[in-house]
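Peer 1: I would like the atomic coordinates for the input below:
(one chain, ligands or ions: 1)
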Amino acid sequence: MTYPAGQPLKILSDLNVQDVIVIGAGVIGISAALALQADGRKVTVLDRQDSSPRASDMNAGGFAFADIMPLAAPGIMRKAPKWLLDPLGPLAVPPAYAFKILPWLVRFWRASLPDRHQKSLAAQADMMKLSHGALERLISDTSADELIRRDGQLQLYEGEREYQASLPGWELRRKHGVNFKLLKSPYEIADIQPGIDRRFSFAGFTPDWINTCDPAVWLSHLTAAFRTRGGNVIEANATQLRSTGDGVEIHAANGIHRASHVIVAAGAWSHHLANTLGDTIPLETERGYNTTLPATDFDLKTHLTFPGHGFVVTRINDGIRVGGAVELGGLKLPATYKRA
Ligand SMILES: Cc1cc2nc3c(=O)[nH]c(=O)nc-3n(C[C@H](O)[C@H](O)[C@H](O)COP(=O)(O)OP(=O)(O)OC[C@H]3O[C@@H](n4cnc5c(N)ncnc54)[C@H](O)[C@@H]3O)c2cc1C
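Peer 2: Model prediction:
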């Protein structure tokens with residue numbers, strides 16, 4: 001808590017006034033705020049608004065509804081030693097963080113056991129259906145068609161072995177109603193995306209995959225819609241949550257906000273805030289790196305995913321963003337730009 005000693009706490013917003021406070025003005029917080037607003041709630045969003053770019057502004061812009069497979073899948077932990085040993089591999093855990101992350105990795109491993117994996121797969125597939133419907137409503141409700149690209153996604157496999165290993169996943173997608181086509185030659189691939197190296201000789205195409213033209217523009221658009229409908233976004237760095245019985249107090253550096261409900265949508269920092277209410281959430285930080293190249297002669301027709309190399313290639317406005325290089329290194333790890 002950061003109040004000057006002996007000074008009365010300033011009440012900045014009050015329970016009777018604010019129905020719901022959302023902490024975090026990223027895409028999750030603003031989307032939640034819009035949905036609550038549509039439900040007739042009075043909503044205020046708090047954000048610390050520091051200068052560092054948010055994940056919501058800089059991601060690869062894919063609404064990955066075809067990705068129904070949880071990352072914690074059977075056999076994933078066999079790859080763990082490689083994560084530790086290759087600092088520039090598709091997924092890295094810096095050795096200094098390996099001990100700290102161990103309890104989370106144990107949970108992750110337990111979630112990858114076959115019976116748990118089946119349950120989380122069913123849950124993720126249902127969530128994807130729900131969120132796909134919600135996104136379409138949001139696009140139509142906020143007149144956002146021009147911010148959306150419907151060019152599908154091509155998952156590229158480097159040779160038959162990688163392709164064969166992907167087939168059980170495609171079978172699961174089929175079971176859960178995901179629309180796709182499997183491509184078994186560079187010629188079929190070139191019909192969708194010319195210019196791909198021939199060693200990527202197999203692919204799966206999901207035509208219903210959706211992208212935003214620019215995640216930062218998408219977020220500004222949603223924030224503007226929230227404000228136009230009477231929502232407030234206030235600068236405040238939430239430091240502590242306290243239950244008051246009939247609501248919640250959100251303590252910030254300059255005083256207290258009160259509300260009947262709070263939504264914690266503070267991205268990778270959410271578990272620290274939830275912890276102040278006594279909730280222990282097993283959340284880890286997944287950082288990724290993007291490089292956005294200027295428009296070139298390469299005519300990118302669709303969102304490309306290279307699962308064996310752990311990166312995607314996608315159009316952002318007129319540029320091409322190459323992103324991935326996932327790193328599990330906590331919130332304080334300095335950026336490793338070699339990964340970008
Ligand atoms: C390289 C990369 C590529 C990605 N590509 C995709 C993709 O193609 N598709 C996809 O679906 N996802 C993608 N993701 C993931 C996606 O970007 C995130 O899951 C998503 O943006 C998280 O949104 P958020 O609102 O939860 O968090 P954030 O965008 O991190 O926003 C959290 C907000 O909370 C605020 N905040 C934090 N703590 C406090 C506090 N104490 N008080 C007040 N405010 C606080 C922050 O200031 C911030 O504004 C990608 C991620 C990366 C890194």
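Peer 1: what number of residues lie near the residue of the stretch 1-150 of the chain found nearest the ligand?
Peer 2: Of all residues in the stretch 1-150 of the chain, residue 26 sits closest to the ligand, at 2.2 Å by CB to the nearest ligand atom. Using the backbone N, CA and C atoms, a C-beta is placed for each residue, glycine as well. As a burial measure, residue 26 scores 18 neighbours (other CB atoms under 10 Å).
Peer 1: okay, residue 262 and residue 20: tell me how far apart.
Peer 2: Going from residue 262 to residue 20 by CB to CB, to the nearest Å gives 7 Å.
Peer 1: just want to know which of these two has more residues nearby.
Peer 2: residue 262 (24 against 20).
Peer 1: near the ligand, which residues of this structure?
Peer 2: Counting by CB under 6 Å from any ligand atom, the chain comes close to the ligand at 23-29, 46-48, 54-56, 59-62, 64, 237-238, 265-267, 269, 273, 287-290, 323.
Peer 1: among these, name the ones in helices.
Peer 2: Of the positions in those, 27, 28, 29, 55, 56, 273 sit in helices, assigned by DSSP state H.
Peer 1: any of the residues of the chain next to the ligand buried? List them.
Peer 2: 23-29, 46-48, 54, 56, 59-62, 64, 238, 265-267, 269, 273, 287-290, 323 (16 or more other CB atoms under 10 Å).
Peer 1: show me where the stretch 201-340 of the chain has its helices.
Peer 2: Secondary structure of the stretch 201-340 of the chain by DSSP state H, counting those that start in this stretch: the helices cover 215-228, 270-275.
Peer 1: rebuild the ones you listed as JSON lines, extending it with mean pLDDT and distance to residue 103.
Peer 2: JSON lines is the format used below for the helices of the stretch 201-340 of the chain (pLDDT from 0 to 100; distance: least, CB to CB, whole Å):
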{"stretch": "helix 215-228", "mean pLDDT": "98", "distance to residue 103": "32"}
{"stretch": "helix 270-275", "mean pLDDT": "96", "distance to residue 103": "13"}
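Peer 1: got those helices as CSV, with distance to residue 309 columns?
Peer 2: Formatted as CSV, the helices of the stretch 201-340 of the chain follow (distance: least, CB to CB, whole Å):
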stretch, distance to residue 309
helix 215-228, 22
helix 270-275, 30
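Peer 1: closest one to residue 295 among the ones you listed?
Peer 2: The closest of the helices of the stretch 201-340 of the chain to residue 295 is helix 215-228. By CB to CB, the value is 16.6 Å.
Peer 1: give me the contacts around that closest one.
Peer 2: Helix 215-228 has contacts (CB atoms under 8 Å, 6 or more residues apart in numbering) with 25-27, 30-31, 33-34, 37, 43, 45, 54, 56-61, 138, 142, 144, 147, 212, 233, 316-317.
Peer 1: list the beta-bridge partners for the residue of the stretch 101-250 of the chain at minimum distance from the ligand.
Peer 2: Taking CB to the nearest ligand atom, the ligand has its nearest neighbour within the stretch 101-250 of the chain at residue 238, 3.7 Å off. Beta bridges link residue 238 to residue 252 when assigned by DSSP bridges.
Peer 1: and it, what pLDDT?
Peer 2: At residue 238, the predicted lDDT confidence score is 97.
Peer 1: that one and residue 56: what is the separation?
Peer 2: 17 Å.
Peer 1: and for residue 49?
Peer 2: Separation of residue 49 from residue 56 (CB to CB): 13 Å.
Peer 1: give the rounded mean pLDDT of the helix ranked longest in the chain.
Peer 2: Longest helix in the chain by number of residues (criterion: DSSP H): helix 114-141. Averaging pLDDT along helix 114-141 gives 95.
Peer 1: residues contacting the very next helix or strand once past it, please?
Peer 2: Per DSSP states H and E, helix 114-141 leads on to strand 148-149 as the next helix or strand towards the C-terminus. For strand 148-149, contacts defined as CB under 8 Å, 6+ apart pick out 139, 210, 211, 212, 213, 315.
Peer 1: narrow those to those in strands?
Peer 2: 210, 211, 212, 315 (DSSP state E).
Peer 1: out of the residues you listed, who's nearest residue 79?
Peer 2: Among these, and counting by CB to CB, the member closest to residue 79 is residue 211, at 27.8 Å.
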